[in-house]
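Asks: My questions concern the predicted model and sequence given below.
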Amino acid sequence: MRSLTTGAERDHTVKVIVGGLQPGRTYYYRFVSGGRESPTGQTRTLPTGHVEQLVFAIASCSNFPFGFFNAYEVIAEDDGIDFVVHLGDYIYESGYGEHRVRLFDKREAVTLTDFRHRYAQYKLDPDLQAAHEACPWLVTWDDHEVSNDYATLVSSHEGCGGPAVRDAFVSQRAAAYQAWYENMPVRESRLRAGAGIQLYGDLDWGRLARFYVLDTRQYRSPLACALPATFATCDTEAGRALLRAGAGGGRQIGINDPACKPELEDPSRTMLGSEQERWLDGALSSSRARWNLFAQGTPFAGILEGPPEAPTTFSDGWPGYPAARQRLLDALARHRVANPVILSGDPHAFFVNEVRNARGASVAVEMITTSIANNNKDKSKTLPTNPHIRFHDGTHSGYILCEATPGRMRADMVAIEDMRDPRTPRSVLASYEIVAGSSQPRRLEP
């Protein structure tokens, strides 16, 4: 048994780094405090060398008031899962919307106390607890751990609120980052000066798979082509952008709009920041893994909407940063990266996409998981103009279950029938297979 001391300065959390463990082994642990014992948790160490199999769950977007975390319960019950890959929106900073299933403090989290309270409420959920007890987690973040559609130190409300919002957001982001660090399985060595966290890094599951954990929020350029601040786009009294129609945050932008295109295609705009891009290029060049998987929070292949003569894309995803997206595609080609698979979250819907280069050739596969619990978004009407989308369901919550072997990767879209019902059934909507050496996902028969 090992003794550790904690206190209010870190919200009574502890981080234990245990040495001397054997690779590829299962270990059990528990905590004892004040004479009380925690439940026993299970974790695994990374294997080395040749590995025949990896099973992992992909999760994203758990909005507490919108429904029960049934999907976490299903994950916890599956003894075959090696770890969970969580792609962000682990919490939501506010309780937007009117369709609330569970009681929730809907005030926006702004201070450190606010964010700590938010994590405490989430962590009391029994299904989330069970999923953490069952296996280790590999985590990144998206926007709602801080504020909707923020970019670096730019809040989506800055256009409407001006310098006061800009100055206040620095403190809000620092508070959110500290609470995230306290509550998530990341090492203290990841902390950086100025309230930053180096979240990005890579992880090898033997020679079978390398995971690249990306940070698509902390270093990105501001969103392109924001609407001007007017009475129609701002709550002028509160200094905030209006939800879904405001002067800030993600929106549909015309990719050929002459008023937007120069800013959209500016080659200096970045999603990852120059330092993370350099790190990723080096990590790709050294990989000898059979599968190369990118864990990150926002869609990569994108969806074109609107009429064919005036297509639009969502400004908050990778298609809103086309030069940065192209640099990543160029790196995949330059280093001849084997079997790249991009794991994405955010749109509250299942997608299986071909990732195509400028010549229209498929060069990678993208799997987008739906929400654990949130308002789902059906994009079925857009499918005729998006032939790269091989599967879509925007009516269910759930997660993706993946199994990788040297010869193939299988992905099951595990759906929760009704997130408002804690006893709801679950089912597999569809299963896809990626054969090693191919970027063409193939649907499997039930």
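Replies: Okay, I see it. Residues are numbered from 1 along each chain as shown.
Asks: Just the strands from the stretch 251-400 of the chain, written as ranges.
Replies: Assigned by DSSP state E, counting those that start in this stretch, the stretch 251-400 of the chain shows strands spanning 252-254, 291-295, 312-314, 340-344, 350-356, 362-368, 389-393, 397-404.
Asks: Report the central residue of this structure.
Replies: By CA atoms, centre = their mean, the mean C-alpha position of the chain lies nearest to L87, the distance being 2.3 Å.
Asks: show me what contacts it?
Replies: L87 makes contact with 58-60, 140, 142, 295-297, 343-346, 369 under the criterion CB atoms under 8 Å, 6 or more residues apart in numbering. C-beta: built from backbone N, CA, C; applies to glycine.
Asks: Just send these back as TSV, with neighbour count too.
Replies: As requested, these are exported to TSV (neighbours: other CB atoms under 10 Å):
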residue	neighbour count
I58	23
A59	28
S60	28
T140	26
D142	26
A295	24
Q296	26
G297	25
L343	28
S344	27
G345	27
D346	25
T369	32
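Asks: re earlier: include distance to G320 and mean pLDDT when you put the strands of the stretch 251-400 of the chain into JSON lines, please.
Replies: Shown next, in JSON lines, are these (distance: least, CB to CB, whole Å; pLDDT from 0 to 100):
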{"stretch": "strand 252-254", "distance to G320": "7", "mean pLDDT": "97"}
{"stretch": "strand 291-295", "distance to G320": "17", "mean pLDDT": "98"}
{"stretch": "strand 312-314", "distance to G320": "6", "mean pLDDT": "97"}
{"stretch": "strand 340-344", "distance to G320": "14", "mean pLDDT": "98"}
{"stretch": "strand 350-356", "distance to G320": "16", "mean pLDDT": "98"}
{"stretch": "strand 362-368", "distance to G320": "16", "mean pLDDT": "98"}
{"stretch": "strand 389-393", "distance to G320": "18", "mean pLDDT": "98"}
{"stretch": "strand 397-404", "distance to G320": "24", "mean pLDDT": "98"}
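Asks: where in this protein is pLDDT low?
Replies: By pLDDT under 70, the weakly predicted segments of the chain are 96-99, 244.
Asks: for it, longest helix please?
Replies: The longest helix of the chain (DSSP state H) is helix 163-183.
Asks: what's it packed up against?
Replies: Contacts defined by 3 or more CB pairs under 8 Å, 6 or more residues apart in numbering; DSSP states H and E place helix 163-183 against helix 112-123, helix 158-161, strand 196-197.
Asks: The same query, at a cut-off of 7 Å, please.
Replies: For helix 163-183, the elements it packs on are helix 112-123, helix 158-161, judged by 3 or more CB pairs under 7 Å, 6 or more residues apart in numbering; DSSP states H and E.
Asks: Please enumerate residues in contact with the shortest one?
Replies: The one in question is helix 158-161. The contact list for helix 158-161 (CB atoms under 7 Å, 6 or more residues apart in numbering) reads 165-166, 169, 226, 229, 234-235, 239-241, 246-248.
Asks: If we use 10 Å, what do you get?
Replies: For helix 158-161, the external contacting residues (CB atoms under 10 Å, 6 or more residues apart in numbering) are 150-151, 155, 164-169, 222, 226-230, 233-236, 238-242, 246-249.
Asks: Thank you, goodbye.
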